[in-house]
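> whatever this is, show me its structure:
(one chain, ligands or ions: 1)
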Amino acid sequence: MSTTPAVSVKNLTKIFKGSLGKGAFRAVHDVSLTVEAGEVYGLIGPNGSGKSTTMKVILGLLKATAGETSIFGIPSTEVASRHSVGFLPENPYFYKHLNGRETLLFYGRLCGMSGAALKSRADEMLALTGLEDAATRRVGGYSKGMLQRLGLAQALIHEPRLLVLDEPTAGVDPAGSRIIRDLIIEFRARGITVLVTSHLLEQMQEVCDRVGIMAHGRMVREGRLEDLIAVENQTEMVLENASPALLAKIDALVKAEGGDTRLLRSGHPRTTLERLFLEATNEPKKP
Ligand SMILES: Nc1ncnc2c1ncn2[C@@H]1O[C@H](COP(=O)(O)OP(=O)(O)OP(=O)(O)O)[C@@H](O)[C@H]1O
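This is a model prediction of the structure:
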(Lines give C-alpha, C1' and ligand atoms only; values in the text may rest on other atoms or scores of the structure.)
Protein backbone atom coordinates (compact mmCIF):
# COMPACT_ATOMS: atom_id res chain seq x y z
CA MET A 1 0.00 0.00 0.00
CA SER A 2 1.17 3.53 -0.77
CA THR A 3 2.58 5.45 2.17
CA THR A 4 2.08 8.86 0.53
CA PRO A 5 -0.21 10.83 2.85
CA ALA A 6 -3.57 11.91 1.45
CA VAL A 7 -2.91 15.45 2.70
CA SER A 8 0.29 17.03 3.88
CA VAL A 9 0.52 20.54 5.33
CA LYS A 10 3.95 21.78 6.33
CA ASN A 11 4.46 25.00 8.29
CA LEU A 12 1.53 26.75 6.64
CA THR A 13 1.08 30.46 7.27
CA LYS A 14 -1.64 32.55 5.64
CA ILE A 15 -1.73 36.32 6.00
CA PHE A 16 -4.63 38.27 4.54
CA LYS A 17 -3.53 41.66 3.34
CA GLY A 18 -5.51 44.49 4.95
CA SER A 19 -8.13 46.35 2.96
CA LEU A 20 -9.94 49.65 3.53
CA GLY A 21 -7.23 50.85 5.89
CA LYS A 22 -7.18 47.67 7.99
CA GLY A 23 -3.87 46.03 8.82
CA ALA A 24 -2.76 42.60 7.59
CA PHE A 25 -4.31 39.64 9.43
CA ARG A 26 -2.54 36.35 10.10
CA ALA A 27 -5.34 33.73 9.91
CA VAL A 28 -3.05 30.65 9.99
CA HIS A 29 0.28 30.53 11.74
CA ASP A 30 2.89 27.79 11.12
CA VAL A 31 0.36 24.92 10.96
CA SER A 32 1.48 21.38 10.07
CA LEU A 33 -0.71 18.32 9.72
CA THR A 34 -0.81 14.98 7.94
CA VAL A 35 -3.91 13.06 6.87
CA GLU A 36 -2.98 9.44 6.19
CA ALA A 37 -4.70 7.65 3.31
CA GLY A 38 -7.83 5.82 4.46
CA GLU A 39 -8.47 7.73 7.69
CA VAL A 40 -11.09 10.23 8.80
CA TYR A 41 -9.30 13.35 10.02
CA GLY A 42 -11.21 16.04 11.90
CA LEU A 43 -10.01 19.63 11.88
CA ILE A 44 -11.76 21.25 14.79
CA GLY A 45 -11.68 24.61 16.50
CA PRO A 46 -13.84 27.59 17.40
CA ASN A 47 -15.18 30.07 14.83
CA GLY A 48 -12.39 32.06 13.24
CA SER A 49 -9.61 29.67 14.29
CA GLY A 50 -8.39 29.19 10.72
CA LYS A 51 -9.94 25.83 9.72
CA SER A 52 -11.58 27.00 6.50
CA THR A 53 -8.53 29.01 5.50
CA THR A 54 -6.33 25.92 5.97
CA MET A 55 -8.77 23.84 3.92
CA LYS A 56 -8.93 26.42 1.14
CA VAL A 57 -5.13 26.47 0.85
CA ILE A 58 -5.07 22.64 0.72
CA LEU A 59 -7.65 22.77 -2.09
CA GLY A 60 -5.70 25.43 -3.99
CA LEU A 61 -8.48 28.01 -3.56
CA LEU A 62 -6.15 30.32 -1.61
CA LYS A 63 -2.41 30.84 -1.97
CA ALA A 64 -0.23 30.15 1.07
CA THR A 65 1.87 33.04 2.38
CA ALA A 66 4.47 30.52 3.56
CA GLY A 67 4.72 26.74 3.84
CA GLU A 68 3.64 23.86 1.61
CA THR A 69 0.51 21.80 1.15
CA SER A 70 -0.02 18.73 -1.04
CA ILE A 71 -2.65 16.14 -1.89
CA PHE A 72 -1.43 12.58 -2.50
CA GLY A 73 2.05 14.02 -2.97
CA ILE A 74 1.05 16.64 -5.59
CA PRO A 75 1.45 20.32 -4.49
CA SER A 76 -1.89 22.11 -4.03
CA THR A 77 -0.67 24.78 -6.45
CA GLU A 78 -0.97 22.22 -9.30
CA VAL A 79 -4.42 21.61 -10.82
CA ALA A 80 -3.66 17.85 -10.96
CA SER A 81 -3.73 17.75 -7.14
CA ARG A 82 -7.52 18.25 -7.27
CA HIS A 83 -8.35 15.44 -9.70
CA SER A 84 -8.88 12.92 -6.92
CA VAL A 85 -10.67 15.30 -4.53
CA GLY A 86 -14.38 15.71 -3.81
CA PHE A 87 -15.41 18.87 -1.92
CA LEU A 88 -18.53 19.70 0.06
CA PRO A 89 -18.49 23.42 0.97
CA GLU A 90 -20.25 24.67 4.10
CA ASN A 91 -23.35 25.90 2.27
CA PRO A 92 -23.43 24.13 -1.10
CA TYR A 93 -25.48 25.95 -3.75
CA PHE A 94 -27.52 23.99 -6.26
CA TYR A 95 -29.78 25.12 -9.11
CA LYS A 96 -33.24 24.98 -7.57
CA HIS A 97 -35.04 24.10 -10.81
CA LEU A 98 -32.99 20.93 -11.39
CA ASN A 99 -33.96 17.69 -9.70
CA GLY A 100 -31.51 15.60 -7.66
CA ARG A 101 -30.58 13.29 -10.50
CA GLU A 102 -30.14 16.16 -13.00
CA THR A 103 -27.91 17.93 -10.47
CA LEU A 104 -25.59 14.92 -10.23
CA LEU A 105 -25.52 14.51 -14.01
CA PHE A 106 -24.62 18.22 -14.29
CA TYR A 107 -21.71 17.91 -11.84
CA GLY A 108 -20.57 14.64 -13.42
CA ARG A 109 -20.37 16.35 -16.84
CA LEU A 110 -18.33 19.17 -15.27
CA CYS A 111 -15.89 16.46 -14.18
CA GLY A 112 -15.68 15.12 -17.75
CA MET A 113 -18.01 12.16 -17.25
CA SER A 114 -20.76 11.19 -19.71
CA GLY A 115 -23.10 8.53 -21.08
CA ALA A 116 -24.20 5.34 -19.36
CA ALA A 117 -21.26 5.36 -16.93
CA LEU A 118 -22.32 8.78 -15.58
CA LYS A 119 -26.00 7.77 -15.35
CA SER A 120 -25.24 4.61 -13.41
CA ARG A 121 -22.78 6.43 -11.13
CA ALA A 122 -25.43 9.12 -10.43
CA ASP A 123 -28.00 6.44 -9.55
CA GLU A 124 -25.47 4.66 -7.35
CA MET A 125 -24.71 7.89 -5.47
CA LEU A 126 -28.43 8.70 -5.06
CA ALA A 127 -28.91 5.23 -3.54
CA LEU A 128 -25.85 5.54 -1.30
CA THR A 129 -27.03 8.88 0.10
CA GLY A 130 -30.65 7.73 0.50
CA LEU A 131 -32.04 10.13 -2.13
CA GLU A 132 -33.44 7.56 -4.57
CA ASP A 133 -37.04 8.48 -3.79
CA ALA A 134 -36.29 12.20 -4.17
CA ALA A 135 -34.27 11.80 -7.40
CA THR A 136 -36.93 13.37 -9.61
CA ARG A 137 -37.99 16.09 -7.16
CA ARG A 138 -36.83 19.67 -7.65
CA VAL A 139 -33.85 20.51 -5.42
CA GLY A 140 -35.66 23.74 -4.44
CA GLY A 141 -37.96 21.61 -2.27
CA TYR A 142 -35.20 19.63 -0.50
CA SER A 143 -34.68 19.93 3.27
CA LYS A 144 -31.30 21.09 4.62
CA GLY A 145 -30.36 17.47 5.44
CA MET A 146 -31.25 16.32 1.91
CA LEU A 147 -29.24 19.19 0.39
CA GLN A 148 -26.19 18.16 2.42
CA ARG A 149 -26.60 14.55 1.27
CA LEU A 150 -26.94 15.73 -2.32
CA GLY A 151 -23.73 17.69 -1.69
CA LEU A 152 -22.03 14.48 -0.59
CA ALA A 153 -23.32 12.63 -3.67
CA GLN A 154 -22.03 15.51 -5.85
CA ALA A 155 -18.63 15.42 -4.15
CA LEU A 156 -18.39 11.66 -4.79
CA ILE A 157 -19.62 11.58 -8.38
CA HIS A 158 -16.17 11.30 -9.99
CA GLU A 159 -14.92 8.60 -7.55
CA PRO A 160 -12.45 10.77 -5.60
CA ARG A 161 -9.92 9.24 -3.20
CA LEU A 162 -10.15 12.21 -0.83
CA LEU A 163 -13.33 13.90 0.40
CA VAL A 164 -13.06 17.35 1.98
CA LEU A 165 -16.14 18.26 4.00
CA ASP A 166 -16.64 21.72 5.51
CA GLU A 167 -19.14 21.56 8.41
CA PRO A 168 -21.21 18.79 6.77
CA THR A 169 -23.81 18.58 9.56
CA ALA A 170 -24.19 22.30 10.37
CA GLY A 171 -27.87 23.22 10.52
CA VAL A 172 -29.02 19.60 10.01
CA ASP A 173 -31.37 18.01 12.60
CA PRO A 174 -30.13 15.09 14.77
CA ALA A 175 -31.63 12.33 12.57
CA GLY A 176 -30.24 13.90 9.38
CA SER A 177 -26.88 14.46 10.96
CA ARG A 178 -26.81 10.80 12.13
CA ILE A 179 -27.26 9.74 8.48
CA ILE A 180 -24.38 11.99 7.39
CA ARG A 181 -22.07 10.58 10.07
CA ASP A 182 -23.00 7.02 9.08
CA LEU A 183 -22.17 7.95 5.50
CA ILE A 184 -18.73 9.24 6.54
CA ILE A 185 -18.09 5.89 8.25
CA GLU A 186 -19.28 4.12 5.08
CA PHE A 187 -16.91 6.23 2.93
CA ARG A 188 -13.98 5.17 5.11
CA ALA A 189 -15.05 1.51 4.72
CA ARG A 190 -14.89 2.09 0.94
CA GLY A 191 -11.29 3.29 1.28
CA ILE A 192 -12.02 7.01 0.83
CA THR A 193 -9.97 9.40 2.96
CA VAL A 194 -12.06 12.09 4.66
CA LEU A 195 -10.89 15.49 5.90
CA VAL A 196 -13.74 17.12 7.79
CA THR A 197 -14.06 20.41 9.71
CA SER A 198 -16.60 21.00 12.43
CA HIS A 199 -17.08 22.57 15.80
CA LEU A 200 -19.64 19.92 16.80
CA LEU A 201 -17.29 17.97 19.03
CA GLU A 202 -19.48 15.03 20.04
CA GLN A 203 -20.16 14.32 16.39
CA MET A 204 -16.49 14.48 15.47
CA GLN A 205 -15.65 12.16 18.35
CA GLU A 206 -17.82 9.50 16.75
CA VAL A 207 -16.33 9.49 13.27
CA CYS A 208 -12.71 10.67 13.45
CA ASP A 209 -9.61 8.50 13.66
CA ARG A 210 -7.38 11.51 14.25
CA VAL A 211 -8.04 15.14 15.02
CA GLY A 212 -6.21 18.44 14.87
CA ILE A 213 -7.42 21.20 17.17
CA MET A 214 -6.88 24.78 15.95
CA ALA A 215 -7.14 27.95 18.02
CA HIS A 216 -6.20 31.49 16.98
CA GLY A 217 -4.69 30.22 13.74
CA ARG A 218 -2.39 27.70 15.40
CA MET A 219 -2.51 23.92 15.77
CA VAL A 220 -2.79 23.40 19.52
CA ARG A 221 -3.24 19.58 19.64
CA GLU A 222 -2.92 16.83 17.06
CA GLY A 223 -3.08 13.08 17.29
CA ARG A 224 -5.14 9.90 17.48
CA LEU A 225 -8.50 10.69 19.02
CA GLU A 226 -8.27 7.74 21.43
CA ASP A 227 -4.92 8.99 22.73
CA LEU A 228 -6.07 12.60 23.02
CA ILE A 229 -9.18 11.85 25.02
CA ALA A 230 -7.81 9.05 27.24
CA VAL A 231 -7.34 10.08 30.87
CA GLU A 232 -4.05 8.31 31.50
CA ASN A 233 -4.26 7.88 35.26
CA GLN A 234 -7.86 6.60 35.38
CA THR A 235 -9.34 3.15 34.67
CA GLU A 236 -12.95 2.56 33.73
CA MET A 237 -14.86 -0.62 34.60
CA VAL A 238 -18.49 -1.04 33.52
CA LEU A 239 -20.38 -3.82 35.37
CA GLU A 240 -23.72 -5.28 34.45
CA ASN A 241 -26.19 -6.36 37.18
CA ALA A 242 -23.77 -5.57 40.02
CA SER A 243 -25.42 -5.93 43.46
CA PRO A 244 -24.92 -3.25 46.14
CA ALA A 245 -23.00 -5.93 48.13
CA LEU A 246 -20.51 -6.45 45.28
CA LEU A 247 -20.05 -2.67 44.88
CA ALA A 248 -19.38 -2.39 48.63
CA LYS A 249 -16.77 -5.18 48.35
CA ILE A 250 -15.03 -3.39 45.46
CA ASP A 251 -15.06 -0.16 47.43
CA ALA A 252 -13.53 -1.94 50.45
CA LEU A 253 -10.86 -3.58 48.27
CA VAL A 254 -9.86 -0.19 46.82
CA LYS A 255 -9.67 1.35 50.32
CA ALA A 256 -7.57 -1.60 51.54
CA GLU A 257 -5.17 -1.06 48.60
CA GLY A 258 -4.21 2.34 50.09
CA GLY A 259 -1.65 4.61 48.43
CA ASP A 260 -2.93 6.87 45.63
CA THR A 261 -5.69 4.51 44.48
CA ARG A 262 -9.18 5.99 44.92
CA LEU A 263 -12.63 5.09 43.66
CA LEU A 264 -13.68 8.38 42.06
CA ARG A 265 -17.31 7.51 41.30
CA SER A 266 -19.69 4.65 40.69
CA GLY A 267 -23.17 4.85 39.24
CA HIS A 268 -25.00 4.34 35.96
CA PRO A 269 -23.02 5.34 32.88
CA ARG A 270 -24.65 8.18 30.94
CA THR A 271 -25.75 8.04 27.36
CA THR A 272 -25.42 11.21 25.32
CA LEU A 273 -28.34 13.59 25.04
CA GLU A 274 -28.22 13.11 21.30
CA ARG A 275 -28.51 9.30 21.53
CA LEU A 276 -31.37 9.64 23.99
CA PHE A 277 -33.14 12.09 21.67
CA LEU A 278 -32.74 9.76 18.67
CA GLU A 279 -33.98 6.72 20.60
CA ALA A 280 -36.96 8.63 21.99
CA THR A 281 -37.97 10.14 18.65
CA ASN A 282 -37.63 6.79 16.86
CA GLU A 283 -39.88 4.89 19.27
CA PRO A 284 -43.08 3.57 17.68
CA LYS A 285 -46.04 5.92 18.08
CA LYS A 286 -48.29 5.12 21.05
CA PRO A 287 -51.93 4.39 20.09
N1 LIG B 1 -10.50 36.81 2.83
C2 LIG B 1 -10.23 37.18 4.08
N3 LIG B 1 -9.73 38.40 4.38
C4 LIG B 1 -9.44 38.78 5.63
N5 LIG B 1 -9.60 37.98 6.71
C6 LIG B 1 -10.11 36.75 6.50
C7 LIG B 1 -10.44 36.28 5.19
N8 LIG B 1 -10.90 34.99 5.30
C9 LIG B 1 -10.87 34.70 6.62
N10 LIG B 1 -10.38 35.74 7.33
C11 LIG B 1 -10.19 35.78 8.79
O12 LIG B 1 -9.33 34.72 9.16
C13 LIG B 1 -9.74 34.14 10.39
C14 LIG B 1 -9.92 32.65 10.20
O15 LIG B 1 -11.04 32.42 9.38
P16 LIG B 1 -11.51 30.97 8.95
O17 LIG B 1 -12.73 31.15 8.08
O18 LIG B 1 -10.38 30.22 8.41
O19 LIG B 1 -11.93 30.36 10.37
P20 LIG B 1 -12.75 29.06 10.69
O21 LIG B 1 -12.01 28.37 11.79
O22 LIG B 1 -13.03 28.28 9.47
O23 LIG B 1 -14.10 29.68 11.26
P24 LIG B 1 -15.64 29.23 11.07
O25 LIG B 1 -15.83 28.04 11.97
O26 LIG B 1 -16.38 30.44 11.54
O27 LIG B 1 -15.86 28.93 9.61
C28 LIG B 1 -11.01 34.86 10.82
O29 LIG B 1 -10.67 35.84 11.77
C30 LIG B 1 -11.49 35.50 9.52
O31 LIG B 1 -12.17 36.72 9.80
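> host element of residue 214?
Element membership for residue 214, per DSSP states H and E: strand 210-215.
> please list the residues of the stretch 151-287 of the chain that sit near the ligand.
Taking Cβ under 6 Å from any ligand atom as the contact definition, the stretch 151-287 of the chain meets the ligand at residue 199. Placement of C-beta: from N, CA and C, glycine included.
> my bad, the stretch 1-150 of the chain
Checking the stretch 1-150 of the chain against the ligand by Cβ under 6 Å from any ligand atom, the hits are 16, 25, 27, 45, 47-53.
> which of these count as buried?
Buried by 16 or more other Cβ atoms under 10 Å: 27, 45, 49-53, out of these.
> from those residues, which is closest to residue 156?
Set against residue 156, the nearest of those by Cβ to Cβ is residue 52 (21.1 Å).
> where does the closest one land in three-state SS?
The three-state assignment at residue 52 reads helix, by DSSP: H, G, I helix; E, B strand; the rest coil.
> OK, contacts around it?
90, 166, 197 (Cβ atoms under 8 Å, 6 or more residues apart in numbering).
> tell me the SS of the closest residue to residue 122 other than its chain neighbours?
Nearest-residue entry for residue 122: residue 104, 4.0 Å, with adjacent residues in sequence omitted and distances by Cβ to Cβ, 6 or more residues apart in numbering. The three-state label given to residue 104 by three-state DSSP is helix.
> model confidence at residue 104, what's the number?
pLDDT for residue 104: 97.
> how many neighbouring residues does it have?
Residue 104 has 28 neighbouring residues, counting by other Cβ atoms under 10 Å.
> that one touches residue 152, doesn't it?
No: with contacts counted by Cβ atoms under 8 Å, residue 104 stays clear of residue 152, the gap being 10.8 Å.
> and residue 264, helix, strand or coil?
Under three-state DSSP, residue 264 falls in the coil class.
> for it, what are its contacts?
residue 234 are the contacts of residue 264 under Cβ under 8 Å, 6+ apart.
> roughly how far apart are it and the ligand?
To the ligand, residue 264 is 35 Å away according to Cβ to the nearest ligand atom, to the nearest Å.
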